[in-house]
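Quick one, fold the following:
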Amino acid sequence: MWFFQKPSSGWLRNFKSRHGIRELKIHGEKLSADNESAENFTATKEGYDLDFVYNADETGLVWKCLPKTSLVSMTEKTASGFKSFMEKVTLLCCANATGNDRLPLLLVGKSKRP
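Here you go, the predicted model:
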């Protein structure tokens, strides 16, 4: 029966095209904002000295990560593979609004001695 057949990738591509469906990368930061709260915050922050306003953000750092693809000549059919591994840590950066006080980086990882 037709409903037991697995649809091809071409069928899915054409279906999405016919119905105007497309993929978008989701960004967690793009949420609707509460404008009233933002205005209240702007008014409140006026009384603070910028030397005492701090911002912190975390980011991931990956090293020893080899590429998953390789460039080869047209005559070669395969490229030798290897087991890929990644080592990563999380960094926390923090500084005040004027940039006069930058705290040392906080490094979080699995290793006892990164």
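
For the protein, which segments are assigned as helices?
Counting by DSSP state H, residue ranges of the helices within the chain are 9-18, 35-45.

for the chain, what are the low-confidence residue spans?
1-4, 23-32, 66-74, 76-86, 111-114 (pLDDT under 70).

ok, 90 please
Judged against pLDDT under 90, the low-scoring parts of the chain cover residues 1-50, 53, 60-89, 107-114.

Okay, strands next: where are they in it?
Using DSSP state E, the strands found in the chain span residues 54-63, 87-96, 106-108.

And the contacts of the first one?
Contacts to strand 54-63, defined as CB atoms under 8 Å, 6 or more residues apart in numbering, come from residues 86-97, 101. Quick note: C-beta positions are derived from backbone N, CA and C, even for glycine.

In terms of distance to residue 34, which of the residues you listed ranks first?
Taking CB to CB as the measure, residue 34 sits nearest to residue 97 out of the contacts of strand 54-63, at 22.2 Å.

Give me the neighbour count for that closest one.
For residue 97, the number of neighbouring residues by other CB atoms under 10 Å comes to 15.
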